[in-house]
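J.: I'll drop the sequence and a predicted model, then ask my questions.
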Amino acid sequence: MIRVLIVDDITSTLDNLQKLLGFEDDIEVCGTASDGRSAIEEAKRLRPDVVLMDVNMPLMDGIQATEQLAQEVPTSPVIIMSVQGERDYLRRAMQAGAREFLIKPFSGDELIASIRRVHHLEQKKESFLTAQAPAAAAGPETGRRGEKGEVFLVFSGKGGIGKSLVASNLAVALATETGAKVALVDLDLQFGDVGVLLNLDHARSITDLVEAGGPVDGELLDQVLATGPEGIRVLLAPISPELADLVTADHVRAVMEELRRSFDFIVVDTASHLGELNLEVIESATKVIVITALTIPAVKDTKLTLKVLDSLNVDHGRIVLLLNRSDAHADFNKDAVEQNVRFSIALQMAHDPRVVGNAVNRGTPFVTLAPEAEISRSVRELVSRLVPLEQSLTVVGAGTSERKKSRLFGFGRG
Ligand SMILES: Nc1ncnc2c1ncn2[C@@H]1O[C@H](COP(=O)(O)OP(=O)(O)O)[C@@H](O)[C@H]1O
Ligand SMILES: [Mg+2]
């Protein structure tokens, strides 16, 4: 049962919402309130699973109440309901910590889907926290170099910002720089570009794993994975967008678990969507690489992304903020972005249309096509951030090839 507290100062709205939710088997209205202040009192008393919150109310408005609830009853996530024309509230609501924002009039289906989604996410968050606790207690040593592979997820709220480019080059650079076993997963299930970026035969994809039914074992995975440059193995997106819906969060979890058993590093390219699939991977990701750019929409989306990651309790140490096209002509610079999103940029990548265009057209990663280009150096720098040298057996004074070898021994999986 999802226990819902409804807050609205208009009695007829309260009644309608209550009736509407009354039809759902998995939802129970556990209480109502008609202003922000009593909403907080009721939430403290009832500990609802979800709070439905109006904005304009007497005594204390819904935004303030949401802010206070986030502090005092953090286990009760808030969905804000607001009418058209109050769009400025969207930003304020996000800042206050609201999980979703429903614009009135909304349909019953939208409302119910939103409640279920928010509740589901909250449950995930809690189970994630409990799962994390013992690992943290065991100390960083065991957490870092356990038997399972590390997951690097590349994300951005924006499309066309360079996620696929970074993900594919990062995977290849990880393989050349560390000699480890690397897998690349294209989770942009509808319009995945990894296949064309690496010029791979699209005969098999993640859909083959789903259609096989049953558990994902290493043998099946081996048949489905394409082989890319430098021996990296690639799990491609479905050949056609409508097949994307076949893949569920459960599938993704099973696939990631199996991949983590057989690979040292798994790089995941994503679609610009914070849905269930990406959240599934974010939970187990060692690092989340967030890509931003010197444009207002990109900065806005980065801010929202960082906020959502924060609400999922992804601590700052797990986030790597990468500024792509850092040399682009813009009215503001890196410092302004950092100030605005309140997060430091770990790495910058230059705009290099010549090298990138050439690489993309040939279906070859630029890190191998033009290893000395600045943009390739940036990717190698990203590798050393993700996989610090001391993690492997460094041989002091050895040449590059020696160093690679020693890293290989540091990571080898027999
Ligand atoms: N630093 C860069 N220099 C030159 N071109 C870039 C750079 N970053 C991205 N691009 C180009 O921008 C386009 C979008 O990149 P892509 O990785 O497909 O974005 P996303 O996966 O985020 O949608 C691609 O054509 C890519 O070649
Ligand atoms: Mg992409």
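T.: Alright, I've got the coordinates. Ligands and ions are numbered 1, 2, ... in the order given.
J.: Burial check on I2, number of neighbours?
T.: By other CB atoms under 10 Å, the residues close to I2 number 21. From N, CA and C alone the C-beta is placed, and that goes for glycine too.
J.: Verify the contact between it and C30 for me.
T.: No: with contact defined as CB atoms under 8 Å, I2 does not count as touching C30 (9.5 Å).
J.: Strands along the stretch 301-414 of the chain, start to end?
T.: Taking DSSP state E, counting those that start in this stretch as the test, the strands found in the stretch 301-414 of the chain are 319-324, 347-349.
J.: Show me what the shortest one is in contact with.
T.: By CB atoms under 8 Å, 6 or more residues apart in numbering, the surrounding residues in contact with strand 347-349 are 162, 166, 320-326, 334, 375, 378-379, 381-382, 385.
J.: And for the residue in the stretch 101-250 of the chain positioned nearest to ligand 2, nearest residue in space, chain neighbours not counted?
T.: Closest approach of the stretch 101-250 of the chain to ligand 2 (CB to the ion) occurs at S164, with a separation of 3.3 Å. In space, S164 comes closest to D193 once its chain neighbours are excluded; the distance is 4.3 Å by CB to CB, 6 or more residues apart in numbering.
J.: for V356, same thing?
T.: Leaving aside its sequence neighbours, V356 is closest to F366 (6.0 Å, by CB to CB, 6+ apart).
J.: try T302
T.: Distances taken as CB to CB, 6+ apart put T292 closest to T302, at 4.2 Å, once the chain neighbours are dropped.
J.: So what sits opposite the one you found in the bridge?
T.: When bridges are called by DSSP bridges, T292 pairs up with L323.
J.: Looking from ligand 2, tell me which residue of the stretch 251-400 of the chain is nearest.
T.: D269 (6.1 Å).
J.: how many neighbours does that residue have?
T.: Burial measure for D269: 26 neighbouring residues, criterion other CB under 10 Å.
J.: Quickly list what it is bridged to.
T.: Bridge pairing for D269 (DSSP bridges) gives the partners V154, D186.
J.: and it, what does it touch?
T.: The neighbours of D269, taking CB under 8 Å, 6+ apart as the test, are 154, 163-164, 167-168, 184-188, 192-194.
J.: and if we set it to 10 Å?
T.: Taking CB atoms under 10 Å, 6 or more residues apart in numbering, we find D269 in contact with 153-155, 163-168, 170-171, 184-188, 192-194, 197, 234, 237.
J.: Can you say which of these are buried?
T.: Among the contacts of D269, the ones that count as buried by 16 or more other CB atoms under 10 Å are 153-155, 163-168, 170-171, 184-188, 192-194, 197, 234, 237.
J.: G218 is in contact with V255, correct?
T.: No: counting by CB atoms under 10 Å, G218 is not a contact partner of V255; they are 11.5 Å apart.
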